[in-house]
Every structure is written in C-alpha cells, then in structure tokens.
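Student: Just to be clear, the model below is a prediction. Sequence and coordinates:
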Amino acid sequence: MDTFDYVIVGAGTAGCVLANRLSEDANVTVCLLEAGPRDWHPYIHIPAGFIKLFHMPGFNWLYTQEPSEWTGGRRILAPRGKTLGGSSSINGHIYNRGQRLDYDGWAQRGNRGWGYADVLPYFKRLERRIGEGDATYRGREGTFAITDIDQFHPLSEAFIQGAVSLGIPRNPDYNGESQLGINYAQRAIMHGRRVSAARAFLHPAMQRKNLTVRTRAHATGLVFEGKRALSVRYLKGGRGGKPEEVRARREVILSGGTFNSVQLLQLSGVGQPDLLKSRGIEVRHALPGVGENLRDHYAPRFAVRVKNMDTINERSRGLKLAAEIAKWCVGGQSILGLSPTQVYCFWKSEPHLETSDIQLTFTPASYLEGMQGQLEHEPGMTAAPWQQRPESKGYVRIRSADPFEQPEIQPNYLTEETDRRVLVAAMRLARKLLKSKPLEPYYAYEDFPGDKVQSDDEMLGAAKERGTTTFHPMGTCRMGPASDPESVVDDELRVRGLEGLRVADASVMPMMLSANINAGTMMIADKASDLIRGKAPPQPIILKR
C-alpha cells in the first residue's frame with residue numbers, strides 16, 4: 001500500500017487548488033484521486049464545448065434529481081464534472097464571488113475566520129484579474145485568469161440599456177465594492193480557451209515530484225482505526241476494476257463536491273444511523289447532518305422570439321458554424337469563445353431592500369423546449385431569473401451500499417413560501433427587462449411562458465413546468481459550531497468527532513451564496529490549505545461600511 005502525507009479525494013475545483021497549495025512544501029507528499037479521466041477532450045478547452053459536455057458520460061456524472069411538487073414531477077438533470085478540474089472543466093465559466101453579507105452571515109453563524117474581511121485576501125491571491133477592478137477587492141498576481149466578455153452583441157447591449165432605463169445602474173465590477181446592478185459577465189476564459197481549476201492550479205503543480213495524481217480511481221470507502229481516518233479504498237478503472245488502497249500519514253481531505261463527498265461519507269458509515277442501517281451500512285460514526293441542508297438555485301427561463309437581428313442560434317449550424325470554427329482556430333472572435341451567459345443583473349424583489357436578492361442572466365440565444373444545451377433554429381433570446389438565497393432545502397442520500405449507484409438527490413425547490421414570492425418578483429423583472437424600450441425593435445413575441453401567463457399562480461405554474469437547476473448545489477456537509485446539530489465540519493473543516501479527516505468543497509457552505517459557487521469553492525480550498533498546514537491566514541481586509 002502506498003502512503004502519502006495527504007490524500008485528497010476528488011480533483012475538482014477544490015481538489016486542484018488544494019493539490020497545488022499542499023504540494024508547495026517539498027517536504028510533504030500528496031496524492032490526488034480522481035474518478036474521471038484526464039482533461040484531454042477538446043470540448044473542455046473550447047468555451048462553447050460546455051454545450052456538448054452536458055451529455056457526455058465520460059466527463060460528467062450525469063446525476064438526476066428526484067421529482068418534486070415544484071418541478072411538476074420532472075427529474076431534472078444535474079451535471080457535475082468527472083475529470084481533472086471537475087465542474088470547472090464543464091461549467092459556464094462565470095466568475096461571481098457573491099456579496100459581503102454572504103460571508104459575514106457565515107461568520108455570524110459561529111464560523112470564526114469566515115467573514116468577508118477574512119476571505120477577501122484569499123479571493124485576491126487566487127485571481128489574476130484582467131480588466132477593470134479596484135485593487136482593494138481584486139487580485140492581479142494569482143494564477144486564475146478572469147477576463148471580461150469581449151464580444152458585445154447588439155441584443156446584449158440593448159438589454160443592459162433597458163435595465164438602466166428602469167433604474168438599474170450599470171456596475172463596472174460586480175465582484176468589487178458592490179454586486180448591485182447590471183453588466184457583462186466576468187468569466188474564466190483566456191485567449192479563447194477555458195481556464196479551469198486544473199489548468200490554473202493542477203497542471204503547473206503536476207511538475208512537482210511530491211504530487212501524485214491518479215485518474216480513473218473511483219473511491220469506494222474510507223478506512224478508520226477507531227475514530228481516525230487512515231486510508232482511502234478505490235477501484236482503478238471503475239466498476240470491476242482492481243481494488244487499491246492509499247494511506248494518509250497526516251490527513252484525508254474530501255473534495256468530491258456536494259454530492260460525492262456525502263456519498264463517500266455515508267458509504268463509509270458516517271451519517272444518519274437510521275439511513276445507514278437501512279442501506280446495509282455499518283454505523284462507524286453517527287453524524288445526522290451528513291447529506292442534509294442541500295440548497296440550489298432554481299430558474300425558469302423566459303424565451304423571446306427575435307426579429308430584425310441575428311442571434312447565436314443561427315450562427316451555430318451549417319456554413320455559419322464552419323465560419324465560426326475557422327475564426328476560433330486563428331484566434332479571432334467567435335461564438336466558440338463565448339460563455340452561455342453574456343449579461344448578469346443583480347436586483348431587488350422589494351424597493352426597500354439594501355442589496356439584491358434576485359440574480360438574472362441574459363443571452364442572445366434560446367434553447368429547445370425542455371432541453372438544456374440544445375439551441376433553437378429560429379432567432380431567440382433568453383433571460384433566466386432566480387432567487388439568490390433560497391430557504392428551501394433538501395438532501396443527498398445513498399440508495400444502497402453500491403458506490404456506483406447514483407445517490408438520491410432532492411433539492412426540494414420552492415417548498416418555502418418566501419422562495420416562491422421572490423421568484424415571482426424575479427420573473428416579473430425578467431419580463432419587464434425583455435419588454436424594455438431599447439429591445440422593442442427586436443422583440444417579436446414571448447415564446448415562453450407567453451403573454452397569457454400573468455398572475456402569480458400562473459407564473460409559478462410556468463416555473464413548475466420548465467424551471468431547472470442553475471448547477472449550484474451546496475451545503476450537504478455544513479460548516480457550523482458545536483451547538484449546530486446539523487453541522488458536519490467545524491470552522492477548520494474537520495469532520496466532527498473524527499480525526500485526520502476534513503471536507504473542503506462547496507458542501508461545507510453554511511448558507512447559499514448570492515452567486516455561482518465556483519469562485520467561493522476555490523476560496524474555501526485555498527483557506528483550507530492554510531488551515532491544514534497550520535499557516536497563519538493573511539491579514540484581514542477591514543472595509544468601511
């Protein structure tokens with residue numbers, strides 16, 4: 001059996017950052033296990049390749065969520081990355097940190113060292129911001145490149161102008177002093193290629209002799225001695241593969257993500273005793289919060305038929321697509337270098353609110369009915385609104401002792417009345433923006449949900465019919481104080497009641513961010529690397545209120 005100082009399970013966003021940081025010390029050895037293959041496929045590196053990766057089982061776990069009342073009984077696809085870089089290798093590239101109040105809220109729940117002043121230095125040291133940004137908030141010397149959208153479609157500009165005409169300010173940097181307002185999206189794309197966590201952090205570190213990366217290594221369980229995690233068992237090559245085991249002298253760190261870290265804990269006998277027993281798992285350590293507190297953003301999409309203007313739809317097929325491919329190959333501007341979202345808007349469901357509780361995206365393209373990742377043939381544009389901080393919560397639970405069976409994933413979207421109220425307000429704002437004066441020359445008609453949908457109940461009916469995940473699951477190994485009965489890790493990310501075991505990924509988030517979660521996940525991993533090494537954190541950045 002091979003032995004390393006640290007064994008990291010999962011080479012996703014968090015695992016790549018951790019592997020980089022921990023292996024900086026030449027005196028320690030690090031092993032990184034990844035169930036998927038290397039990130040070799042061209043679709044990973046071509047920004048528009050995300051549309052193909054949606055349905056590729058070789059690089060995507062292709063999870064499905066359980067039906068619920070507010071999804072109309074539908075099973076919604078929940079893609080997660082299964083390759084080096086994890087979901088940062090298949091996502092929509094967006095960089096969005098969230099709001100100051102998000103992290104201050106984490107600290108107020110009893111998580112010391114996780115307030116905005118504490119985490120801002122980590123955000124800054126991770127990023128290499130290329131473009132506008134106040135040095136108080138933005139970093140220039142990190143390895144994760146963040147650029148601005150560099151293709152300005154007339155529909156996108158008209159959408160922004162429409163928002164400004166309605167009193168929503170144009171915000172030059174939603175990752176700066178304030179998130180509130182509207183502007184083009186910031187994204188992890190550089191020179192026409194995706195910047196994944198693997199590209200930014202893992203591949204440079206793989207040159208070090210003290211870092212070992214093992215792909216196609218499907219973790220099946222943790223081995224304990226008493227309350228201490230000793231090693232990780234995995235099958236090389238997946239189901240039917242060769243059983244292997246790797247030992248950790250110091251720590252095992254789970255970075256499998258919101259679904260997979262939970263699954264591995266439960267398979268290893270850590271979780272709710274009744275659940276584990278019902279699945280034929282011996283209870284190693286009772287921890288009732290494992291798998292609970294799942295939250296995700298839920299978005300219905302408004303689709304509008306466009307007139308008097310070409311959209312991305314028409315440029316994505318035939319000779320026009322061939323031309324776009326040729327432009328991308330020579331480094332020109334092309335739809336192959338675009339993210340799925342062009343514009344981000346952050347606004348309020350009620351005028352008296354101090355900051356936004358609604359997030360809304362816009363793109364000059366539209367998708368086939370009920371299909372994620374397949375563009376329509378006719379010209380179209382889309383706005384997708386959602387509530388930033390949902391109260392509704394669900395769970396992740398193993399179905400059996402089989403490590404290859406997908407877990408049961410139930411987000412329980414919109415079960416809280418507050419979530420439904422804010423979502424309706426967000427939908428009304430999306431419609432108002434799409435019908436604004438600057439878009440009038442291009443607006444033919446609302447294809448979905450359609451002008452017949454007017455009342456709150458009808459709006460919610462449309463959300464039930466076609467709403468979908470925005471791919472931001474979090475919270476299933478919640479960080480919290482000992483007084484929180486559902487906390488799984490403490491504020492140093494150590495699994496409660498166990499030794500030599502931490503979780504560092506989006507599953508530890510105590511509450512949902514007002515954001516996509518990839519940026520926050522990188523920050524968690526970077527801070528975790530200091531906690532693991534016993535390094536003093538950077539000096540907090542204290543800001544005026």
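Tutor: On my side now, so go ahead. Predicted model only: the values in this text are computed from it and were never measured.
Student: Could I get the buried residue list for stretch 242-258?
Tutor: Judged by neighbour count using 16 or more other C-beta atoms under 10 Å, the buried positions of stretch 242-258 are 244, 246, 248, 251-258. Yep, even glycine has a C-beta here, placed from its N, CA and C like the rest.
Student: actually stretch 92-111, sorry about that
Tutor: Residues of stretch 92-111 classed as buried: 92-100, 102-107, 109-111 (neighbour count, 16+ other C-beta under 10 Å).
Student: hang on, the earlier thing: so which of the buried residues of stretch 242-258 is the closest to residue 229?
Tutor: Minimum separation from residue 229 among the buried residues of stretch 242-258 (C-beta to C-beta) is found for residue 252, which lies at 4.6 Å.
Student: residues contacting that closest one?
Tutor: Residues counted as contacts of residue 252 (C-beta atoms under 8 Å, 6 or more residues apart in numbering) are 6-7, 9, 222, 229, 231-232, 500-502.
Student: Out of the buried residues of stretch 242-258, name the ones that lie in helices.
Tutor: 257-258 (DSSP state H).
Student: Closest to residue 120 out of the buried residues of stretch 242-258?
Tutor: Nearest to residue 120 among the buried residues of stretch 242-258, with distances taken as C-beta to C-beta, is residue 255, at 22.3 Å.
Student: just checking, that closest one touches residue 7?
Tutor: No. Using C-beta atoms under 8 Å, residue 255 makes no contact with residue 7, being 10.6 Å away.
Student: low pLDDT regions in this structure?
Tutor: Of all residues in the chain, those with pLDDT under 70 make up the ranges 370-373.
Student: re earlier: which members of the contacts of residue 252 are positioned in strands?
Tutor: Per DSSP state E, strands hold the following members of the contacts of residue 252: 6-7, 9, 222, 229, 231-232, 501-502.
Student: Make TSV from these and add neighbour count to it.
Tutor: Shown next, in TSV, are those (neighbours: other C-beta atoms under 10 Å):
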residue	neighbour count
6	25
7	31
9	26
222	26
229	24
231	20
232	25
501	26
502	25
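Student: got JSON lines for these, with distance to residue 327 too?
Tutor: Putting those into JSON lines (distance: C-beta to C-beta, whole Å) gives the following:
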{"residue": "6", "distance to residue 327": "44"}
{"residue": "7", "distance to residue 327": "44"}
{"residue": "9", "distance to residue 327": "41"}
{"residue": "222", "distance to residue 327": "49"}
{"residue": "229", "distance to residue 327": "51"}
{"residue": "231", "distance to residue 327": "50"}
{"residue": "232", "distance to residue 327": "45"}
{"residue": "501", "distance to residue 327": "49"}
{"residue": "502", "distance to residue 327": "46"}
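Student: thinking again about what came up before, sitting in helices, which of the buried residues of stretch 92-111 do you find?
Tutor: When helices are assigned by DSSP H, the members of the buried residues of stretch 92-111 inside them are 100, 102-107.
Student: Let me know the closest of those residues to residue 448.
Tutor: Using C-beta to C-beta, residue 102 is the member of these that sits closest to residue 448, with 31.1 Å.
Student: which residues touch that closest one?
Tutor: Residues touching residue 102, when contacts are defined by C-beta under 8 Å, 6+ apart, comprise 116, 389, 511-515.
Student: Starting from residue 230, give me the distance back to the closest residue to residue 412 other than its chain neighbours.
Tutor: Of all residues not flanking residue 412 in the chain, residue 394 sits nearest, at 3.8 Å (C-beta to C-beta, 6 or more residues apart in numbering). When distances are taken as C-beta to C-beta, to the nearest Å, residue 394 and residue 230 turn out to be 32 Å apart.
Student: Of these two, which one has the most company?
Tutor: For residue 394 and residue 230, the more surrounded residue by other C-beta atoms under 10 Å is residue 394, and the numbers stand at 24 against 20.
Student: Residue 237 reaches residue 216, doesn't it?
Tutor: Yes. When contacts are counted by C-beta under 8 Å, residue 237 is listed as touching residue 216 (5.2 Å).
Student: between the two, who's got more neighbours?
Tutor: With neighbours defined as other C-beta under 10 Å, residue 237 and residue 216 compare such that residue 216 has more, 16 against 13.
Student: Touching, that one and residue 239? I think so.
Tutor: No. Counting by C-beta under 8 Å, residue 216 stays clear of residue 239, with 11.1 Å between them.
Student: how much space between residue 154 and residue 163?
Tutor: Using C-beta to C-beta, residue 154 is found at 15 Å from residue 163.
Student: Next: residue 231.
Tutor: Residue 231 sits at a distance of 54 Å from residue 163 (criterion: C-beta to C-beta).
Student: ok, now residue 347?
Tutor: Relative to residue 163, residue 347 is positioned 8 Å away (criterion: C-beta to C-beta).
Student: overlap in contacts of these two?
Tutor: Listed as contacting both residue 347 and residue 163 by C-beta under 8 Å, 6+ apart are residue 182.
Student: before we move on, back to that, let me see the contact set for the residue nearest to residue 412.
Tutor: Taking C-beta under 8 Å, 6+ apart as the criterion, residue 394 is in contact with 294-296, 409-413.
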